[in-house]
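A.B. asks: mind looking at a prediction? Sequence and model below.
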Amino acid sequence: MIRADRRHLVRTLADLAAQQGVGIDQYTRLKPYAAEGFPAPVSSQGAHKRLYDGEQVDAYLLGKPVPPLREGEDDSDLLDRHECAALIGVAPDSWRAYKRDPALRAARVEVGGVEHWPRGVVKDFQASRPGREASASAGGRPKRAGDQVPRDLVPALTAELLDADPTVTAAAVSVRLGVHRDTAQQALTRLRADRIADHIETHPALTPAEAAAQLGYPAGQVRRATARAETVLRARQAAPYLAGVAAALHAAGFTTQEAAPEVQLPGDDRVVAALVLDGDRAPAPAVVWDERYGWRTAASRLHPVAKGAVLPPEGGGVHYLTGGITPPPGDVVAALISTDA
């Protein structure tokens, strides 16, 4: 965890490499951070990205005693997803669903490219969340069984049932949470797809079907989830590129926020992202990226992504930008300026 008031000291492996004057590839190949006495990461065990306390690293590199970090707990401590999940007693994968809660969404901070949440906010969420006994045991009955669970809570509660029984069916989720079977099936498909994608990222040689089998998901229940998992992986691969374009559009004054575009997976089989252009210099209400054709403008800020798989025709505020599927961010900016002209 990142101790209270030490966020500004956090460094990534890339930061440590730059501090030593070498490239990140060479640094991770030499692994100086594996030497005896090197400060332990402040990121949790199993985290994909290592984070370190800069004060501790500086002391080590200067040959000075490494100062210990404060012990005990503070509500301002920042926890990553593994630590948040452990605090509320669920599997780390389940946190993907819980973090959609409005209070957790508002409290989320990114440190070193990793999502974190304040301990106090997570504790408050744990104390107030309904249905937290939903999966106390595989045979238990959820606290709100028979009720119509609010839609925004369905993913989190379904995740608990999936944690307890990887073979749980949509029918069982429907009965135990009191929701429509279609709602239950959608939640199960998305959760399983995300977890299959996570497993493949850890074990790249696996196919989606093999990953699903290792996770204990019955083959007859995961056809759509394995297909969506492939789409999820493509979306994750596209994320850095989309973030780079968002930063370029922000720098050009087209949008007031540098946040990456919102990624959507229509039909579970394609990756689409939309970015609202709300800056004073914006040449269009929004831009949309589709992995099939690249970038286009949109005539609506409220509904930039067209429904269905059919591409919207040119005209009426819709213009397809040339340059291929993933043109450099600067080329996207130039194409938008040209379109506006």
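C.D. replies: Okay, I see it.
A.B. asks: check which helices and strands the longest helix along the chain sits against.
C.D. replies: In the chain, taking DSSP state H as the definition, the longest helix is helix 223-251. In terms of contacts (3 or more CB pairs under 8 Å, 6 or more residues apart in numbering; DSSP states H and E), helix 223-251 is packed against helix 181-202, helix 208-214, strand 262-264, strand 272-276, strand 286-290, helix 329-340. Where you see a C-beta, it was placed from the backbone N, CA and C, and this is true even at glycine.
A.B. asks: mind doing that once more with 7 Å?
C.D. replies: Contacts defined by 3 or more CB pairs under 7 Å, 6 or more residues apart in numbering; DSSP states H and E place helix 223-251 against helix 181-202, helix 208-214, strand 272-276, helix 329-340.
A.B. asks: any idea which of the ones you listed gets closest to residue 62?
C.D. replies: Nearest to residue 62, of all these, is helix 181-202, at 36.0 Å by CB to CB.
A.B. asks: which stretch in the helices and strands packed on helix 223-251 is the model least sure about?
C.D. replies: Lowest mean pLDDT within the helices and strands packed on helix 223-251: helix 329-340, a mean of 88.
A.B. asks: which parts of it are buried?
C.D. replies: 329, 331-336, 339 (16 or more other CB atoms under 10 Å).
A.B. asks: same list (the residues you listed) but as CSV, adding distance to residue 125.
C.D. replies: CSV is the format used below for the buried residues of helix 329-340 (distance: CB to CB, whole Å):
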residue, distance to residue 125
329, 36
331, 43
332, 38
333, 40
334, 44
335, 43
336, 40
339, 44
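A.B. asks: picking up where we left off before, so can I have TSV of the helices and strands packed on helix 223-251 showing distance to residue 6?
C.D. replies: Below are the helices and strands packed on helix 223-251 laid out as TSV (distance: least, CB to CB, whole Å):
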stretch	distance to residue 6
helix 181-202	28
helix 208-214	36
strand 272-276	33
helix 329-340	33
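A.B. asks: pick the most buried one from those.
C.D. replies: Among the helices and strands packed on helix 223-251, strand 272-276 has the highest mean neighbour count (mean count of other CB atoms under 10 Å), at a mean of 22.
A.B. asks: how big is the angle separating that strand from helix 223-251?
C.D. replies: 30 degrees (axes from the mean of the first three to the mean of the last three CA atoms, to 10 degrees).
A.B. asks: residues making contact with strand 272-276?
C.D. replies: 242, 246, 249, 255, 261-264, 266, 286-290, 301, 304-305 (CB atoms under 7 Å, 6 or more residues apart in numbering).
A.B. asks: what angle separates it from strand 286-290?
C.D. replies: Here the directions of strand 272-276 and strand 286-290 differ by 170 degrees (the same axes, to 10 degrees).
A.B. asks: what average pLDDT does the longest helix of the chain get?
C.D. replies: Averaged across helix 223-251, pLDDT comes to 93.
A.B. asks: can you check stretch 35-55 too?
C.D. replies: The average pLDDT within stretch 35-55 is 90.
A.B. asks: could you do stretch 291-309 as well?
C.D. replies: For stretch 291-309, the mean per-residue pLDDT is 84.
A.B. asks: now the host helix or strand of residue 171: how far from the chain's centre is it?
C.D. replies: Secondary structure assigned from DSSP states H and E places residue 171 in helix 170-177. Distance of helix 170-177 from its chain centroid, counting by CA atoms, centre = their mean, to the nearest Å, is 26 Å.
A.B. asks: now stretch 108-118
C.D. replies: Distance, stretch centre to chain centre, for stretch 108-118: 11 Å (CA atoms, centre = their mean).
A.B. asks: so which bits of it are buried?
C.D. replies: Those would be 111-112, 114-118, for stretch 108-118 by 16+ other CB under 10 Å.
A.B. asks: that stretch: end-to-end distance?
C.D. replies: One end of stretch 108-118 sits 8 Å from the other (CA to CA, to the nearest Å).
A.B. asks: show the average pLDDT along that stretch.
C.D. replies: Here stretch 108-118 scores 92 as its mean pLDDT.
A.B. asks: try stretch 8-25
C.D. replies: Mean pLDDT, computed over stretch 8-25, is 92.
A.B. asks: sorry, back to before: and of the buried residues of stretch 108-118, the nearest to residue 192?
C.D. replies: Once CB to CB is applied, the member of these that ends up nearest residue 192 is residue 115, at 21.4 Å.
A.B. asks: and the closest one, helix, strand or coil?
C.D. replies: strand (DSSP: H, G, I helix; E, B strand; the rest coil).
A.B. asks: what's the nearest residue to it if we skip its chain neighbours?
C.D. replies: Using CB to CB, 6 or more residues apart in numbering and skipping the chain neighbours, the partner closest in space to residue 115 is residue 108 (5.8 Å).
A.B. asks: so that neighbour sits against residue 117, correct?
C.D. replies: Yes: the pair residue 108 and residue 117 qualifies as a contact (CB atoms under 7 Å) at a distance of 5.9 Å.
A.B. asks: ok, back up a step: and the helix holding residue 171, what other elements does it pack with?
C.D. replies: Using 3+ CB pairs under 7 Å, 6+ apart: helix 170-177 touches helix 154-164, helix 181-202.
A.B. asks: report all helices and strands that the strand or helix carrying residue 106 contacts.
C.D. replies: Here residue 106, judged by DSSP H and E, is contained in helix 102-107. Here helix 102-107 touches strand 114-118, helix 119-128, going by 3+ CB pairs under 7 Å, 6+ apart.
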